[in-house]
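Got a predicted structure plus its sequence, pasted below:
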Amino acid sequence: MIWDPYYECMDLEQRRELQLRRLRDMVARLAVNVPYYTQAFAEIDFQPADLRSLDDMARLPFVDKHALRDNYPLGLLAVPESEVVRIHASSGTTGQPIIVGYTAEDINTWSETIARTLCCSGGTRHDILQIAYGYGLFTGGLGLHYGGERLGCMVIPMSAGNTAKQLMMMRDLKTTILACTPSYALTLADAMAEEGMTKEDLSLRSGVFGAEVWSESARQAVEEMLGLSAHDIYGLTEIIGPGVSAECEVKGTMHVFDDHFYPEIINPVTGESLPAGEKGELVFTSMTKRAFPVLRFRTRDLSALHYEPCACGRTHVRMERITGRTDDMLIIRGVNVFPSQIEEVLGQVEGVAPHYQLVLTREGRLDALEVRVEVSPEIFSDTVRGLEDVQQEIADRLHHVLGIRAKVTLVEPKSIERSVGKAKRIIDLREGK
Ligand code: ADP
Ligand code: ZN
């Protein structure tokens, strides 16, 4: 089911007109209501009326995390504080949190985009939605919650953690859709085996997983272990939270709800706009947000945009799975490496569990990488295929795909700390980095 066919299947030309209209309105509001933008526009001698076509967007300045931090906590609000009905904050993965506000209308928009997200994964009002994203300042829990209610699901507000209880509720209430981070989905799947539960004891049909980078092999593992269809969902606090884009049944790319969020791809080094299909940094402009709109926000997330139609009938532009953040990029002996590439390689090796950590150290003046990965219990006790073989295979594949030599350490099943939210994959022990 498509939640809002009028906006989701709109003719492309018509959507471009809508975008221009909404962007012009947004820019005019920013110019009048937010001193930061008034000044930024004055600096480049830009008047809201100068925005005549979507191409003019490229003239406007970017906003990045630093600008948001400099205006901490509420300096970029575009409405009086009395109109704000909710506060959230980014999880601070990369530093001090960013505080964002929502008006009642913003909460409504968000509920709509989450209802769309759930429909993308096949959800209907008959579904039983278990939310194991954290509730609180993090946008995952409450974001999914309001959208689930909007769709009319039976919502189970579990929040993250308390794994045994999650499984009990999942079984007893016959949960059909699971919402959590992909790494917590793996944690749940492992725990299920320990409790002697199988996927047949559960009624799961689909999962909406996001908030962190994950791979195709993690998808397969989660689908197989939990017996569901796993969908990638994307969002970030600065833009609204989850509900910025979602993967439909076609899979492979996510539909960006581009009647609310205007996406662009830029070269992360030069800031130059890149054409469709090219990989670069995602930039979003809010078109309908009231309390906390942002102009050309640099996400640091790497993706590419595709405008060709999708078989599902939605005409929203599609974005590729996020392969990493620009600030996640490791430079190992001069080679650029993203953790997601390592995850992909590990996923191809038989007997290796999808739990890993990357440890960075400095040897002399060079960076060194250690890949710690869990092996499956079978491999651990297998005498035929020695652990050394597995270790060698991983090292060779990493060398072949990435061109670097990494130290590979195989660790016992369940020895890498499990996460309930975003997994901590990188341990950086380099001094003075
Ligand atoms: P923080 O930036 O502090 O982690 P958020 O909780 O707002 O704050 O997280 C948003 C970020 O999470 C995104 O910018 C992106 O890096 C990551 N993210 C969200 N959804 C996905 C996804 N489906 N795939 C990969 N990364 C994602
Ligand atoms: Zn589609």
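It's in. Numbering: from 1, shown residues only. Ligands and ions are numbered 1, 2, ... in the order given.

Strands of the stretch 1-150 of the chain, residue ranges please.
84-89, 99-103, 128-131 (DSSP state E, counting those that start in this stretch).

and those as TSV, adding mean pLDDT and distance to ligand 2?
Yep, even glycine has a C-beta here, placed from its N, CA and C like the rest. Below are the strands of the stretch 1-150 of the chain laid out as TSV (pLDDT from 0 to 100; distance: least, Cβ to the ion, whole Å):
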stretch	mean pLDDT	distance to ligand 2
strand 84-89	98	28
strand 99-103	98	28
strand 128-131	98	21
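
out of these, nearest to residue 425?
Across the strands of the stretch 1-150 of the chain, residue 425 has its closest neighbour in strand 84-89 (22.1 Å, Cβ to Cβ).

What lies in contact with the closest one?
Contacting residues not belonging to strand 84-89 are listed as 77, 97-104, 106-107, 137-139, 142, 237, 241, 291 [Cβ atoms under 8 Å, 6 or more residues apart in numbering].

Quick one: buried ones out of those?
Those of the contacts of strand 84-89 that meet the buried threshold are 77, 97-103, 106-107, 137-139, 142, 237, 241, 291, by 16 or more other Cβ atoms under 10 Å.

beta partners for residue 319?
Judged by DSSP bridges, the bridge partners of residue 319 are residue 254, residue 305.

got the contact list for it?
Going by Cβ under 8 Å, 6+ apart, residue 319 touches 234, 245, 253, 254, 256, 263, 282, 303, 304, 305, 306.

Excluding chain neighbours, what is closest to the third one?
Here the nearest residue to residue 253 in space, its sequence neighbours aside, is residue 318; by Cβ to Cβ, 6 or more residues apart in numbering that works out to 3.8 Å.

any idea how far residue 288 is from the one you found?
The spacing between residue 318 and residue 288, counted by Cβ to Cβ, to the nearest Å, is 20 Å.

Equivalent analysis for residue 28, please.
Distance, residue 28 to residue 288, using Cβ to Cβ: 14 Å.

Neighbour count: the two, which is higher?
In this view residue 28 and residue 288 are compared by other Cβ atoms under 10 Å, and residue 288 has more residues nearby, 19 against 14.

ok, that one - contacts?
Applying Cβ under 8 Å, 6+ apart, we find residue 288 in contact with 22, 26, 109, 259, 260.

repeat for residue 421
Applying Cβ under 8 Å, 6+ apart to residue 421 gives the contacts 91, 133, 134, 138, 140, 160, 181, 184, 211.

Same question for residue 62.
With contact taken as Cβ under 8 Å, 6+ apart, residue 62 is in contact with 271, 283, 295, 296, 297, 298.

I'd guessed the residue nearest to residue 253 sits against residue 251; true?
No - taking contacts as Cβ atoms under 8 Å, residue 318 lies outside contact range of residue 251: 10.8 Å.

More neighbours: those two, which one.
Using other Cβ under 10 Å, the more surrounded residue of residue 318 and residue 251 is residue 318, with 24 against 15.

Which one of the strands of the stretch 1-150 of the chain lies nearest to residue 14?
Among the strands of the stretch 1-150 of the chain, the nearest to residue 14 by Cβ to Cβ is strand 99-103 (26.8 Å).

Quick check: can you name the pairing partners of the closest one and their directions?
Checking strand 99-103 against DSSP bridges gives partners strand 84-89 (antiparallel).

in the partner strand, what's buried?
Residues 84, 86, 88, 89 are the ones in strand 84-89 that count as buried (16+ other Cβ under 10 Å).

which of the contacts of strand 84-89 are close to ligand 1?
residue 237 (Cβ under 6 Å from any ligand atom).
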